[in-house]
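Enquirer: Below is the sequence, then the predicted model.
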Amino acid sequence: MKLTTQMRSRSPISRLIVLAFLLLLVAGAAVPNYLSGKMSWANPPQVANLNRIRNLRVVGLELPNWKTQERHPEVIGGHKWLVQEFDTGNQQVIVQLRSQQSHKEQPEVEWMDINGFEQWQRDSARQLNLTIAASENRPTTKVTANYFRAWTQRKTFAVVQWYAWSEGGSPEPSHWFWADQIAQWQRRRLPWIAISLKIPIEPLGDIEKARPIAEHLAQKLQVALMTEFTN
């Protein structure tokens, strides 16, 4: 009983020590920028290759061994998207792409917009955890994506959705936001692209059977997008 009381009495102090330590770390990073007049929130850096990122919404993606069968714009939720249909050699797929259009634009409700536009019924929601192998120009990259089954009266899809950026990816806007905040402390920005990958499957089919091809195709798209970010 005494031990429990002692632990409870010390825990607020421990929390204060940890908080003070974190504040010192933040202050240590902030003071040089403050003295030089370069506070990131007062004068945030701009996206270095924004014009190239914007242009993806028009020209789309070129992927090795993927043949574009059709490409057309589409307005979804008041925003312009590009719809690109590919023949990957083993699978017909549809990619819906929305790229960042301004230095201040942030990802918000893209998945709600698409779901409303498509008028899907959906279930079997889960996540895909993808690992992009390291190369000469980049370290190993981790990406998380939403994965679910969506259908209408006519078609059924296995759907993969995520926001891609140069150092990772996630379906959660907040994950991009914090990654971008860290980049801003380093005087960089992380442009983003919303990707919705639709893989046709048999009517009300089991999306677990489509998981290997879904992971493979999503990894190919992420690599292509990271190349666009850094070129």
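Expert: On my side now, so go ahead. Everything quoted here is computed from the prediction, not taken from an experiment.
Enquirer: What sits closest to Gln91 if chain neighbours are left out?
Expert: Ile213 (5.8 Å; C-beta to C-beta, 6 or more residues apart in numbering). (Each C-beta comes from the backbone N, C-alpha and C, glycine too.)
Enquirer: Just list the residues touching that neighbour, thanks.
Expert: Contacts for Ile213 (C-beta atoms under 8 Å, 6 or more residues apart in numbering) come out as 90-91, 199.
Enquirer: can you count the residues close to Glu167?
Expert: Other residues near Glu167 number 18, with proximity taken as other C-beta atoms under 10 Å.
Enquirer: which ones are touching the spatially most central residue of the chain?
Expert: Among the residues of the chain, the one closest to the centroid is Tyr163, at 1.9 Å (C-alpha atoms, centre = their mean). Neighbouring residues of Tyr163 by C-beta under 8 Å, 6+ apart: 107, 110, 169-173, 175-176, 192-195.
Enquirer: Counting only helices, which of these make the cut?
Expert: Applying DSSP state H to the contacts of Tyr163, the entries found in helices are 110, 173, 175-176.
Enquirer: Which per-residue confidence value corresponds to Pro45?
Expert: Per-residue confidence (pLDDT) for Pro45: 81.
Enquirer: who does Leu197 bridge with?
Expert: Counting by DSSP bridges, Leu197 is bridged to Val95, Val160.
Enquirer: ok so, going back, mind listing which of the contacts of Ile213 are in strands?
Expert: Ile199 (DSSP state E).
Enquirer: Just the closest of the contacts of Tyr163 to Gln100, please.
Expert: Here the nearest of those to Gln100, counting by C-beta to C-beta, is Trp192; it sits at 5.3 Å.
Enquirer: my guess is that closest one meets Pro107, correct?
Expert: Yes. Taking C-beta atoms under 8 Å as the definition, Trp192 is a contact partner of Pro107 at 5.6 Å.
Enquirer: Where do the domain boundaries of the protein fall?
Expert: With domains defined by automatic domain parsing, the chain comprises 1-39, 50-230.
Enquirer: right, so those domains: which one is the most enclosed?
Expert: Scoring these by mean neighbour count under mean count of other C-beta atoms under 10 Å gives domain 50-230 as the most buried, with a mean of 17.
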